[in-house]
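> sequence first, then the predicted structure, then my questions.
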There are 2 protein chains.
Amino acid sequence: MVTSSAARVRADLLPLLGSLGPGGRLPASRALVAKLGVSATTVQQALAALVAEGLVETRPGAGTFVAARPDAAEHERPDTGWQDVTLSASLVQTAGLDEMLRSPTGDGILPMAVGFVATELQADLRLPAALARAARRPGGWLRPPVAGIPQLRSWFAGQLGAEAEDVIITPGGQAALSTVIRAVVPAGESMLFATPSYPGALAVARSHGLVPVPVPEDEDGVRPDLLERAAARTRARLVYLQPTFGNPTGTGLAHHRRAEILDIAHRHGMFVVEDDWARWLGHGAPVPPPLYADDRHGHVITVNSLTKVVAPSLRVGAITARGQVAARIAALRMVDDLFVSGPLQEAAVEVVTAPGWAVYCRRLSRLLGARAAALSSELRAQLPELPFRPPKGGTSLWLGLPTGVDDAAVARRALAHGVTVTAGRHHLAGDQPETWLRLSYSGLPEADYPEAVRRLARAVADVSAGAGQ
Amino acid sequence: MVTSSAARVRADLLPLLGSLGPGGRLPASRALVAKLGVSATTVQQALAALVAEGLVETRPGAGTFVAARPDAAEHERPDTGWQDVTLSASLVQTAGLDEMLRSPTGDGILPMAVGFVATELQADLRLPAALARAARRPGGWLRPPVAGIPQLRSWFAGQLGAEAEDVIITPGGQAALSTVIRAVVPAGESMLFATPSYPGALAVARSHGLVPVPVPEDEDGVRPDLLERAAARTRARLVYLQPTFGNPTGTGLAHHRRAEILDIAHRHGMFVVEDDWARWLGHGAPVPPPLYADDRHGHVITVNSLTKVVAPSLRVGAITARGQVAARIAALRMVDDLFVSGPLQEAAVEVVTAPGWAVYCRRLSRLLGARAAALSSELRAQLPELPFRPPKGGTSLWLGLPTGVDDAAVARRALAHGVTVTAGRHHLAGDQPETWLRLSYSGLPEADYPEAVRRLARAVADVSAGAGQ
């Protein structure tokens, strides 16, 4: 039996064992008795316990030593098998985000799976100078207001036709989606997704323990008949839409459907998260106003981000919402990460309110539109049998594959042929038999499209012929 | 009965009503028939439906008009009562964080409720210049590696005796806690908290739908007997500890308890989130190594942050973990906000690896230690009956109130007397009858302590006498 004082001495000795290391000699029992102020019996009991555990060994006539590890190499990485049991199966799902962030690159690989806007499309906004100024501002490193600095909230509000007080600044669009979804929908419930959808939003829902319910889109955006049905069947509190321009489709919600969608939300007491990430990425035609502007009853929660239009590392986005839900979202934002870095917010204000901003956005739109048009004609020429709708905004195009052709297999074959594309499955939420690819045109110049589509066509042919499985 | 085509026409007309505005005249039915390409009957049915809804009105002989709003003023803010029903009661709880971030300030108010470190304690780290350099680095605004830039991961790893590959960079410590807790514990379960605890961690757990189980600390940190009991009773997957220096106590886990705590975690297959926020805020004596360094089996997940030691708006922190749990945490970080701004990470690396960093930290420690000592003597002199332990690190002190004296009432009275202090209740998780105050010494210079404690003593006396309820 080990007494409680012996157990304490044992615990006290453990750090000593660690510092002595394997083979290290422990002080004599007498010295331990003196040092620890306990009886010799207690020290003996503690050492006996350590011997029993295999942590120390006595060598008669030589002393007591820290036991050598049975296999030192084994201890370089810990045995963490117990973690499997404690963690159990994971709800956390990143599928689609990994591909977006970790798409393979390399010499000769043509990138059509990127998530961000290539810098050659972006004129110089003097962002470094703006951030340098923000960093030098007196008090600029203190805590900004929790909901964001007033000028930035006003700017986002002005873009949407909202009030500055309804805007909450976030560290980018993904963080905004995470907070909105978790603030509105308790774990275990259903959430509706107009599909094809953004994998990052689906990943938030799944990681939070929600059941995503797909609501198919047609050429005018989400289908009202199916949204009505899904709302009635699931009583979901929230539907995810991309009414301006979608990722992956590059098309949005038709004007004539806006009122009907809001009407469905109103009759079912349902919130709409409007992912308005592509507000500044139209292709030339006037960009439709946000659904937020048509909403009279506080259904629409709009998410914006500057990371696509300005730069990936400008982690600044916004949530705009009215009513009680705005307070709940603001509360969860505080719990999620307190506030967004002041200098990043100040730099963002400076670039978006600079005189060159409108010119910058027009140039970006023109270049994106030219790329979309060029990719569209190349696809029509080389892969005329594959359906797609010409994008009106955003950075990608949604290409249908022949029936029975596996999207992931095509993506793998395409990589083997030297072009990266994204398998469409992560944009869907159900068991649709159709398969699709997402082609991004924001990371590849027009001159490369003939070759990129040639490689893709080969991959489609390979898989159609059964070579890519 | 409204036919489906009439319903569609009704929906098509809604945006027109919006653009015409109240009192606006609709086109004649004939014109609508021509424009919409439907039958006159369909148009009549659609208009009748709109009349029934009160959205349009017909004035015989004059035409059909958009109905005037019954009360225009009422529509300036939407009627969002439906949101209450859809949102239902909120799990999201910010209690304690609000106070930390929104503590009242004003002329003559002595601040002892602040959450951050006053800039006068922080020497010039040339942070603006570091950020300016980072902002101008070629490619500096592109996406950094998802887990963080290698140099910053290495630096955090070196501080803990960990491997760089086990470090994930986060936008501050609060975000780190949010990800760790949600990655490990599913909604609805229990989580253990050594108490008194940090309100931000409790807020994460409550907002995620967890039941916080308090495990009391004594003068040596969390009590092993009660941790053992709590682990056995709840089978919790995770316990929150502040082994280095706690917020609010400023004291940590005694050396002789470290092995025992890890042993309990190991026997119960339990993770430990080690909130190591005050690693660089010791008061002069050597800061104990992180519990992470003693952990052989991957139980400890350590959270660090640079926001306290450097600046609130340097939103850079880290999670360090080994084994399968590290992959799960990395996955959820991606879902939570993708990655941390590159220039902020580069600036952080520059300041913490600059030659002046060690001197900077020593000066900060010395100044914090002097403030803690000065506040301690002032409390002993003016409020000798109130118990506290002298802090060894961090930014605050945990002061016991007389039995039956309400902490929130004292905080209110203290504000009335011109000093802000934090009611201790948000640091606790159960129904402990003892009441406490958190006094921060990081925002107030020593010269003000006699007056601040005088005002606090008056508040305690007021409430003890029944004047403050």
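Alright, I've got the coordinates.
> contacts, neighbours, all on C-alpha from now
Fine.
> contacting residues for the spatially closest residue to residue A:51 that is not a sequence neighbour?
Closest residue to residue A:51 apart from its sequence neighbours, by C-alpha to C-alpha, 6 or more residues apart in numbering or on different chains: residue A:57 at 5.6 Å. Shown in contact with residue A:57 (C-alpha atoms under 8 Å, 6 or more residues apart in numbering or on different chains): A:51, A:64, A:65, A:66, A:67.
> hang on, the third one in a strand?
Yes - remark: residue A:65 belongs to a strand, assigned using DSSP: H, G, I helix; E, B strand; the rest coil.
> surely it is in contact with residue A:51?
No - contact between residue A:65 and residue A:51 fails when scored by C-alpha atoms under 8 Å: they sit 9.7 Å apart.
> look at these two and report which has more neighbours.
Taking neighbours as other C-alpha atoms under 10 Å in any protein chain shown, residue A:65 and residue A:51 compare with residue A:65 leading, 21 against 17.
> and for the nearest residue to that one once chain neighbours are set aside, the neighbour number?
Using C-alpha to C-alpha, 6+ apart and skipping residues adjacent in sequence, the residue nearest residue A:65 is residue A:25, 4.4 Å away. The number of residues packed near residue A:25 is 18, by other C-alpha under 10 Å.
> residues touching residue A:25, list them.
Counting by C-alpha under 8 Å, 6+ apart, residue A:25 touches A:63, A:64, A:65, A:66.
> next: residue A:246.
With contacts defined as C-alpha under 8 Å, 6+ apart, the neighbours of residue A:246 are A:197, A:198, A:252, A:278, A:393, A:394.
> please enumerate the helices of the stretch 101-250 of chain A.
A:127-136, A:150-160, A:173-184, A:199-207, A:224-234 (DSSP state H, counting those that start in this stretch).
> pull out the buried residues from the contacts of residue A:246.
Burial by neighbour count, 16 or more other C-alpha atoms under 10 Å in any protein chain shown: within the contacts of residue A:246 this picks out A:197, A:198, A:252, A:278, A:393, A:394.
> residues contacting the first one?
This points to residue A:197. Counting by C-alpha under 8 Å, 6+ apart, residue A:197 makes contact with A:241, A:242, A:246, A:247, A:248, A:427, A:428.
> tell me which of the residues you listed fall in strands.
Cross-referencing these against strands under DSSP state E gives residue A:241.
> export the contacts of residue A:197 to TSV and append columns for pLDDT.
Listed next are the contacts of residue A:197 as TSV, based on pLDDT from 0 to 100:
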residue	pLDDT
A:241	98
A:242	98
A:246	97
A:247	96
A:248	97
A:427	95
A:428	92
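> measure residue A:84 to chain B for me?
Distance, residue A:84 to chain B, using C-alpha to the nearest C-alpha, to the nearest Å: 7 Å.
> residues near that residue, how many?
So residue A:84, with other C-alpha under 10 Å, has 14 neighbours.
> is it true that it touches residue B:324?
Yes - with contacts counted by C-alpha under 8 Å, residue A:84 reaches residue B:324, the gap being 7.2 Å.
> any residue of stretch A:11-22 touching chain B?
Yes - for stretch A:11-22 and chain B, the contact criterion (C-alpha under 8 Å from any C-alpha of the partner chain) is met by A:11, A:12, A:14, A:15.
> name the residues that touch the host helix or strand of the third one?
In this assignment (DSSP states H and E), residue A:14 forms part of helix A:4-20. Contacts to helix A:4-20, defined as C-alpha under 8 Å, 6+ apart, come from residues A:24, A:26, A:36, A:42-43, A:45-47, A:49-50, A:66, B:255-260, B:294.
> what subset of those residues is buried?
Buried members of the contacts of helix A:4-20, scored by 16+ other C-alpha under 10 Å, are A:24, A:26, A:42-43, A:45-47, A:49-50, A:66, B:255-260, B:294.
> domain ranges for chain A?
Following the TED database, one finds the domains of chain A at A:5-66, A:94-120+A:358-468, A:127-353.
> so which of those domains comes closest to residue B:314?
Nearest to residue B:314 among those is domain A:127-353 (6.4 Å), distances taken as C-alpha to C-alpha.
> coming back round to it: any common contacting residues for residue A:65 and residue A:51?
Joint contacts of residue A:65 and residue A:51 (C-alpha under 8 Å, 6+ apart) are A:57, A:58.
> measure the residue nearest to residue A:221 when sequence neighbours are not counted to chain B for me?
Residue nearest to residue A:221 in three dimensions, not counting chain neighbours: residue A:253, with 4.3 Å by C-alpha to C-alpha, 6+ apart. Remark: distance between residue A:253 and chain B (C-alpha to the nearest C-alpha) = 13 Å.
> not counting stretch A:137-154 itself, show me its contacts.
With contact meaning C-alpha under 8 Å, 6+ apart, stretch A:137-154 is reached by A:134-135, A:163-165, A:167-170, A:318, A:330, A:334, A:338-343, A:345-346, A:348-349, B:101, B:311-314.
> switch the cut-off to 6 Å
A:164, A:167, A:168, A:169, A:339, A:342, A:349, B:311, B:312, B:313 (C-alpha atoms under 6 Å, 6 or more residues apart in numbering or on different chains).
> could you point out which element follows whichever strand or helix holds residue A:411?
Using DSSP H and E, residue A:411 falls within helix A:407-417. Per DSSP H and E, the first helix or strand lying C-terminal to helix A:407-417 is strand A:419-420.
> so what does that following strand touch, helix or strand wise?
Helices and strands touching strand A:419-420, as assessed by 3 or more C-alpha pairs under 6 Å, 6 or more residues apart in numbering or on different chains; DSSP states H and E, comprise strand A:110-111.
> what mean pLDDT would you report for the strand it packs on?
Average pLDDT, strand A:110-111: 95.
> swap in stretch A:188-204?
On average, stretch A:188-204 scores 96.
> buried residues in that stretch?
Across stretch A:188-204, burial judged by 16+ other C-alpha under 10 Å covers A:189-204.
> CA-only coordinates of that stretch in PDB, if you can.
Taking Å, rounded to 0.1, in the frame of the first residue of the first chain, the C-alpha atoms of stretch A:188-204 are listed here in PDB:
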ATOM      1  CA  GLY A 188     -28.300  18.800 -34.900                       C
ATOM      2  CA  GLU A 189     -30.800  20.800 -37.000                       C
ATOM      3  CA  SER A 190     -31.200  21.100 -40.800                       C
ATOM      4  CA  MET A 191     -30.000  24.000 -42.800                       C
ATOM      5  CA  LEU A 192     -30.900  24.700 -46.500                       C
ATOM      6  CA  PHE A 193     -28.300  25.300 -49.200                       C
ATOM      7  CA  ALA A 194     -29.000  26.500 -52.700                       C
ATOM      8  CA  THR A 195     -26.900  24.100 -54.700                       C
ATOM      9  CA  PRO A 196     -24.300  24.100 -56.200                       C
ATOM     10  CA  SER A 197     -23.000  25.900 -53.200                       C
ATOM     11  CA  TYR A 198     -19.800  27.100 -51.600                       C
ATOM     12  CA  PRO A 199     -17.800  24.300 -49.900                       C
ATOM     13  CA  GLY A 200     -16.700  26.600 -47.100                       C
ATOM     14  CA  ALA A 201     -20.300  27.200 -46.000                       C
ATOM     15  CA  LEU A 202     -21.100  23.500 -46.200                       C
ATOM     16  CA  ALA A 203     -18.000  22.800 -44.200                       C
ATOM     17  CA  VAL A 204     -19.200  25.200 -41.400                       C
END
